[in-house]
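Asker: what would the 3D arrangement of this be:
(2 chains, ligands or ions: 2)
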Amino acid sequence: MVRDITLGQYFPGESWVHRLDPRTKIIVSLTYIVALFILHTFIGFAFATVVLIAAIAISKVPPKFILRGLKPIFLIIIFTFVLNLFMYPGDVLWHLGFLKITEQGLYKAVFLAVRLVLLIIGSSMLTLTTRPISLTDGIESLLKPAAKVGVPAHELAMMMTIALRFIPTLLEETDKIMKAQQARGADFETGNILNRAKNLIPILVPLFISAFRIAQDMAMAMEARCYRGGEHRTRMNAMHYGKSDALVFVLTALFVGLCVLERMYI
Amino acid sequence: MSIQVKNINHVYNKGLPDETAALVDISFEIIDGEFVGIIGHTGSGKSTLLQHLNGLLKPDDGQIIVGDTDITASGASMLEIRRKVGLVFQYPEYQLFEETVAADVAFGPKNLGLTQEEIDDRVRTAIELVGLDYDDIKDKSPFDLSGGQKRRVAIAGVIAMRPEVLILDEPTAGLDPQAHQDVLSMVRKIHEGDTSIIILVSHNMNDIAQLSDRVLVMDEGRMVMNGTPKEVFSRGDELEAMGLDLPDVTCLMRDLRSRGLNVPTDIFTEYEAEQAICKVIKGQEEKA
Ligand SMILES: Nc1ncnc2c1ncn2[C@@H]1O[C@H](COP(=O)(O)OP(=O)(O)O)[C@@H](O)[C@H]1O
Ligand SMILES: [Mg+2]
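Answerer: Ligands and ions are numbered 1, 2, ... in the order given. You can find the predicted model right below:
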C-alpha cells in the first residue's frame, strides 16, 4: 500500500552511522551520488554496492525496511529498464514483430537500473539515519557561505525539514482517502490510462485540501510560539566533527580515488 | 443478511520493527436486523476490524462471510461487497471532492453503474434521509457547508449506495452537541429503513448503551466481551481497567451504591434509573 513508501523517512537507531555529524553524512551521500556517475563498468558498480552494503550493515537499518521503501519506485525502475531494453539500437539478440532487444540495449538497461537502485538506496541512507532536525541543521550549516551572498539558508533548510516531516503524514492521509473512496466503489486498479488518471481526482482534491489544512495549522502553531527564523537562533545541540567523521572523510576520499581510477583505467 | 467472522488475524508490517498485531483471533457473528456497538480504547483495532468487513483489508488468516459470500475468498467481487457493506470512515468529510453536494453523493451510485434516473433518485433520498433539504443544498459546494452538514453529506454519499450493512466509525467525533444529536437520530432513522445491520463505533457510552442490541469490546486487538449492553456495562470494573468509560447513568448508579444506596448498577437509561431510585427511596420510607 501507499503507506509502505519509506522514502525520506527516519529509522530510529543509535548506530555509529546514526551518530555521525549530519554534515558528514550529507557530504558523503552527495559524493556517493557523484561517484555513481563517474563509474562506468559493472566492476565499478560491484565495488560501490559492497561499500553501500557495508554502510547499511554498520547502520543496523534492517534491509527489509529499505527494500520495502523501494517497492513503489520499482515501477519507475522497471519502466526505464523496459524503455532501454527495447529502444536501444545495436546488434539484435532477439525480436518479435516490431519489438527487438539488442545486445547494447540489454547492457544499457541493466546498467541504468543498477545505477538507479544504488542511487535511491544510497540517498535514502542519509534520511534513514539522520533525524530531520539534524538534517536541517546540517544543510543550514553547509549553506552558511551561500547565506552571506543572500541565499535564505535557514528558510530553505526549514522548508526541507517540514517537507520531510510531512511525507509520512501525507502518505497516511492518501491511504485513508483512497480507502474511503474505494468504500464508495471507486476502482483504482483496473481500466485504461485515461480512466485511471480521471480516477485520481477523488484522491487528489481531498489530499490537496488536507495538505493546505495541515500547512495552515502548522504555520499557526509556529507563529503562536513566536517562530521568526533566521538570525540569532542558537541550537540546543551544537554540531561537532569528531574522530569518526575524520575517518569517514578519509575513507570517502579513498573511495572517490578508486572510482576515478576505475574510470581512467578499466 | 448476516455476518460471520471466524478466527481472523491481522498483523501490520509483519517482520519489521514496527510490527503490530492489530487483530488477534477475532470471531463473532451478527444476525439480521441487529444494531451492534463496538467500543475499545484508541489503538485497540476497531478501525482495522471495520475495514475487514468490506474487504478493504484482508485478514492474514481466518474467514469473513457476509450474507452468503465469503469475502476473504480470492475471486470475490469487491464492487459487490462494497455495495452490500457501506463503510463510513472516521472524519468522512475529508473525502468530499466534487463541485456540488449532489455530484459528490452521486459518486458511489455512479461507480455501481446505475442508470441516471436511479442515481438521481438515490441522491435525493439519501440527502433527505440525513436530514438535509435536497433542493436547498444540492447545488452548493460541499466545502461551503458547516462541519455537521459536511459530515452528513459524506454519510449520505455512502447511504446512496443502499448498503444492507452500514458501518460507522466514530461518526460523532468532533461534532458540537446539536450536530451530535442530529447524526444519532439520523442513524436511528436509517436503521428503521432498508439497512438491516448497523455497526457503530463510538467512544460515547451513552449512545452505545441506548442504541445497541449488542456491544463488542475490543482491547489490544482481542475481542474481550460480546454481549447485550446490560451484560457488558455491568462489568464496569473491567471496562475501567481497559480505560473505557461507562454510560453517565451507570456511573451515577455505581456512585449511589458506593455511598450506601442499594440500587442496581446495570442500568443505563434515565427512565430505568428514576424507577430504581424511587423504588429504593420508597422502601426506605416504608421502613421508617
Ligand atoms: N495502516 C497501518 N499501518 C500500520 N499500523 C497500523 C495501520 N493502521 C493501524 N495501525 C496500528 O494498528 C493498531 C490498531 O489501530 P486501529 O485499528 O486504528 O485502532 P482503533 O480504531 O481502535 O483506534 C494500532 O496500534 C495502530 O497503530
Ligand atoms: Mg479508529
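Asker: show me what contacts A:Phe255?
Answerer: A:Thr31, A:Tyr32, A:Ala35, A:Val51 (Cβ atoms under 8 Å, 6 or more residues apart in numbering or on different chains). For the C-beta atoms, the positions are set from N, CA and C on the backbone; glycine is no exception.
Asker: how about the residues you listed in TSV, adding secondary structure and distance to B:Pro142?
Answerer: Putting the contacts of A:Phe255 into TSV (DSSP: H, G, I helix; E, B strand; the rest coil; distance: Cβ to Cβ, whole Å) gives the following:
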residue	secondary structure	distance to B:Pro142
A:Thr31	helix	51
A:Tyr32	helix	48
A:Ala35	helix	52
A:Val51	helix	53
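Asker: residue in the stretch 151-288 of chain B nearest to chain A?
Answerer: Closest residue of the stretch 151-288 of chain B to chain A, Cβ to the nearest Cβ: B:Gly157 (6.0 Å).
Asker: just to revisit the earlier point, among the contacts of A:Phe255, name the buried ones.
Answerer: A:Thr31, A:Tyr32, A:Ala35, A:Val51 (16 or more other Cβ atoms under 10 Å in any protein chain shown).
Asker: re the thing from before, relative to ligand 1, which of the contacts of A:Phe255 is nearest.
Answerer: The nearest member of the contacts of A:Phe255 to ligand 1, counting by Cβ to the nearest ligand atom, is A:Tyr32 at 31.0 Å.
Asker: the closest one: what's its closest spatial neighbour, skipping adjacent residues?
Answerer: Setting aside the residues directly before and after it, A:Tyr32 is nearest to A:Gly122 in space (Cβ to Cβ, 6 or more residues apart in numbering or on different chains), at 4.8 Å.
Asker: what's the burial count for that neighbour?
Answerer: 23 (other Cβ atoms under 10 Å in any protein chain shown).
Asker: quick one: it and A:Leu36 touch, right?
Answerer: Yes - A:Gly122 is within contact range of A:Leu36, at 7.2 Å (criterion: Cβ atoms under 8 Å).
Asker: for chain A, what's the longest helix?
Answerer: Counting by DSSP state H, the longest helix found in chain A is helix A:153-183.
Asker: tell me what that helix is packed against?
Answerer: helix A:132-142, helix A:144-148, helix A:201-224, helix B:78-84, strand B:85-88 (3 or more Cβ pairs under 8 Å, 6 or more residues apart in numbering or on different chains; DSSP states H and E).
Asker: how about that helix: buried residues?
Answerer: A:153-154, A:156-158, A:160-162, A:164, A:166-168, A:171, A:173-174, A:176-183.
Asker: who's in contact with residue 141?
Answerer: Using chain A here. A:Arg23, A:Met239.
Asker: ah, no, chain B please
Answerer: B:Glu99, B:Thr100, B:Val101.
Asker: what is the burial count for B:His41?
Answerer: Neighbour count for B:His41, taken as other Cβ under 10 Å: 15.
Asker: list the contacts of it.
Answerer: Counting by Cβ under 8 Å, 6+ apart, B:His41 touches B:Met218, B:Asp219, B:Met242, B:Gly243, B:Leu244.
Asker: hang on, the earlier thing: got the buried ones among the contacts of A:Phe255 as JSON lines, with pLDDT and distance to B:Leu23 columns?
Answerer: Converted to JSON lines, those look like this (pLDDT from 0 to 100; distance: Cβ to Cβ, whole Å):
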{"residue": "A:Thr31", "pLDDT": "95", "distance to B:Leu23": "46"}
{"residue": "A:Tyr32", "pLDDT": "95", "distance to B:Leu23": "42"}
{"residue": "A:Ala35", "pLDDT": "94", "distance to B:Leu23": "47"}
{"residue": "A:Val51", "pLDDT": "94", "distance to B:Leu23": "42"}
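Asker: related to what we said a few turns ago, relative to B:Glu285, which of the contacts of A:Phe255 is nearest.
Answerer: Here the nearest of those to B:Glu285, counting by Cβ to Cβ, is A:Tyr32; it sits at 87.7 Å.
Asker: could you point out the longest helix of chain B?
Answerer: Longest helix in chain B, counting residues (DSSP H): helix B:270-287.
Asker: that helix: which residues count as buried?
Answerer: Buried residues in helix B:270-287 (16+ other Cβ under 10 Å): B:Ala273, B:Ala276, B:Ile277, B:Val280.
Asker: am I right that A:Asp187 is in contact with B:Leu112?
Answerer: No - contact criterion Cβ under 8 Å: A:Asp187 and B:Leu112 do not qualify, at 11.1 Å.
Asker: with neighbour numbers in mind, choose between the two.
Answerer: The neighbour comparison of A:Asp187 against B:Leu112 (other Cβ under 10 Å) goes to B:Leu112, with 18 against 15.
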